[in-house]
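*Asks:* sequence unavailable; structure follows:
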């Protein structure tokens with residue numbers, strides 16, 4: 001890569017050398033390979049950033065979008081949609097800071113034909129051209145043709161189609177230390193992209209296999225009753241600080257946790273136990289008073305609330321039976337609709353191991 005950039009410097013300097021008596025340009029035009037490496041470097045990290053932020057934000061507000069993102073086709077289409085958003089972010093970064101990391105490392109800068117610094121909307125227009133005429137909308141095979149066309153234009157001393165009338169990309173000569181630094185950063189970023197792609201494929205494969213897999217059987221050790229649990233749940237037995245055994249079921253994407261437990265009520269009535277439990281979780285969750293009634297013929301108390309520092313929801317049902325208080329608690333991160341059906345079905349199955357269905 002370093003030899004190619006050095007060769008381009010010589011070619012571009014020769015093409016931009018002024019005739020005698022003419023005023024020399026401030027900087028020579030950047031060659032195609034230097035431009036390509038800088039653009040690819042910037043686009044990689046920008047797409048990853050936009051993808052993580054966009055996936056997190058949209059996944060918090062829409063259960064349907066979250067399910068779509070987990071599908072193989074949805075994930076790929078979302079990746080394509082991140083490219084124009086990343087280029088928009090790229091324009092904002094250049095407008096605010098004057099450059100992007102890739103261009104700065106390779107000594108490049110985008111300017112207007114008259115030498116002025118372009119504004120945000122001008123850079124947005126240019127990056128729209130990059131997306132369409134340079135990257136071919138990110139579509140496979142088409143992008144190879146569009147990039148080859150732009151490369152040929154630059155090699156022949158012309159401007160890229162999105163630069164012709166308004167923009168010039170110029171580069172100052174850089175030393176081997178700067179080149180080596182960029183090359184090292186490029187390799188690290190490339191390795192990170194390969195690792196992320198591998199992780200994404202493995203995650204998609206595991207999700208598809210899990211959703212298509214068989215249910216598993218779980219037996220309540222306190223009652224000896226067995227129920228079928230959907231493959232989207234993983235199970236582990238843990239203990240609370242007071243030694244209470246917790247049967248914890250965690251949804252595969254960790255958007256929901258359902259916990260079944262029981263303990264002796266002692267001399268406490270159900271209202272007294274409910275108040276004690278509410279006080280126990282009050283530091284982390286804000287749970288309203290709840291309501292009393294009967295559930296499958298037994299005294300019951302149910303309530304729902306939210307975590308104090310975010311939108312995580314908690315639901316709990318207590319049932320008093322033969323001096324024991326059984327508790328099923330569900331904790332769901334937003335969007336709650338994403339796991340609502342799974343949680344309702346699992347909670348019902350867990351109660352089947354405790355109480356007979358009327």
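*Replies:* Thanks, I have it. Since we're looking at a predicted model, the values are computed, not measured.
*Asks:* please make it C-alpha for all contacts and neighbour counts, starting now.
*Replies:* OK.
*Asks:* in the longest helix along the chain, what's buried?
*Replies:* Longest helix in the chain by number of residues (criterion: DSSP state H): helix 176-212. The neighbour-count check on helix 176-212 (16 or more other C-alpha atoms under 10 Å) flags 179, 182, 183, 186, 189, 190, 204, 207, 210 as buried.
*Asks:* so who does the fifth one touch?
*Replies:* By C-alpha atoms under 8 Å, 6 or more residues apart in numbering, residue 189 lies in contact with 41, 44, 45.
*Asks:* the same query, at a cut-off of 10 Å, please.
*Replies:* Contacts for residue 189 (C-alpha atoms under 10 Å, 6 or more residues apart in numbering) come out as 41, 42, 44, 45, 183, 195.
*Asks:* and what of the last one?
*Replies:* Contact criterion C-alpha under 10 Å, 6+ apart gives 204, 230, 231, 232, 233, 252 as the residues in contact with residue 210.
*Asks:* quick check: the second one touching residue 346?
*Replies:* Yes. Counting by C-alpha atoms under 10 Å, residue 346 is a contact partner of residue 230 at 7.8 Å.
*Asks:* which one's more surrounded, the two?
*Replies:* residue 346 (20 against 17; other C-alpha atoms under 10 Å).
*Asks:* helices along the protein, start to end?
*Replies:* Going by DSSP H, the chain shows helices at 2-16, 32-61, 63-70, 72-97, 101-105, 120-129, 142-155, 176-212, 270-281, 337-352.
*Asks:* and the ones you listed as a markdown table, adding mean pLDDT and distance to residue 311?
*Replies:* Formatted as a markdown table, the helices of the chain follow (pLDDT from 0 to 100; distance: least, C-alpha to C-alpha, whole Å):
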| stretch | mean pLDDT | distance to residue 311 |
| --- | --- | --- |
| helix 2-16 | 46 | 51 |
| helix 32-61 | 90 | 10 |
| helix 63-70 | 79 | 15 |
| helix 72-97 | 91 | 25 |
| helix 101-105 | 95 | 36 |
| helix 120-129 | 96 | 35 |
| helix 142-155 | 92 | 42 |
| helix 176-212 | 87 | 25 |
| helix 270-281 | 92 | 16 |
| helix 337-352 | 94 | 13 |
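*Asks:* tell me the domain ranges of the chain?
*Replies:* Residue ranges for the domains of the chain, per automatic domain parsing: 2-211, 216-352.
*Asks:* re earlier: tilt between the longest helix of the chain and helix 63-70?
*Replies:* 110 degrees (axes from the mean of the first three to the mean of the last three C-alpha atoms, to 10 degrees).
*Asks:* kindly calculate the angle that helix 176-212 makes with helix 32-61.
*Replies:* 40 degrees.
*Asks:* wait, residue 223 sits on residue 356?
*Replies:* No. Assessed by C-alpha under 10 Å, residue 223 is found out of contact with residue 356, at 11.3 Å.
*Asks:* hang on, the earlier thing: inside strands: which ones of the contacts of residue 210?
*Replies:* Using DSSP state E, the members of the contacts of residue 210 that fall in strands are residue 233.
*Asks:* thank you, goodbye.
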